[in-house]
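Participant: Need coordinates for the below:
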Amino acid sequence: MVREIDLFKGVSKKFMGEVNKIMKKETCEKGAVLFKTGDPAKNFFILQEGRISICAEDRGHAVSFIRTPGEFFGWSCLLDRTCYSASAESVVQSTVLKIAKDTLCTIMQKDPANGLIFYKNFAVIIGGRFIESQQVKDWFPSVEI
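Facilitator: Below you'll find the predicted structure:
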């Protein structure tokens, strides 16, 4: 399933095999906090099932939801940020894949061509999220997101 996620589209089977080895499947009960704003950004997550609330406290409690299997969150660590810029909480019992930043970076250093593909996909996805958030602002100009 993970290879089918847009984030890994186009990477080699070998690269994906290495990434699969470092993924840790976790079940999160309703109300479980995966990380808080300001916590050290050491992992990013991929939703397998359930729903995760992302809350950016410093922006007036803006909330978004991760609800589609394959969506990723906690990506502050992929930008070399030292801490998370939002909090993540499981809204219902959820299953996520947890990937350690340091270990993923080691894999990418050994295979920079596939690391480049990964980050290209990452940029496209995050850019799409940004555009969608701007469109929502246009639809509801009086609502702060």
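Participant: packing partners for the helix or strand that contains residue 122?
Facilitator: Element membership of residue 122 [criterion: DSSP states H and E] is helix 112-139. On a contact count with 3 or more Cβ pairs under 8 Å, 6 or more residues apart in numbering; DSSP states H and E, helix 112-139 meets helix 101-110. C-betas here are computed from N, CA, C, even on glycine.
Participant: quick one, the helix holding residue 122 and helix 101-110 angle?
Facilitator: 120 degrees (axes from the mean of the first three to the mean of the last three Cα atoms, to 10 degrees).
Participant: the strands in the chain, which residues?
Facilitator: Here the chain has its strands, by DSSP state E, at 24-28, 33-35, 43-49, 52-56, 62-66, 72-73, 87-90, 94-100.
Participant: per-stretch mean pLDDT over those strands, give me the minimum one.
Facilitator: Of all these, mean pLDDT reaches its minimum on strand 62-66 (a mean of 77).
Participant: Which neighbouring elements make contact with that one?
Facilitator: In terms of contacts (3+ Cβ pairs under 8 Å, 6+ apart), strand 62-66 is packed against strand 52-56.
Participant: which residues does residue 10 contact?
Facilitator: Contacts for residue 10 (Cβ atoms under 8 Å, 6 or more residues apart in numbering) come out as 117, 121.
Participant: how does it look with 7 Å?
Facilitator: Counting by Cβ atoms under 7 Å, 6 or more residues apart in numbering, residue 10 makes contact with residue 117.
Participant: tell me the phi and psi of it?
Facilitator: In terms of degrees, to the nearest 10, the main-chain angles of residue 10 are phi 90, psi -10.
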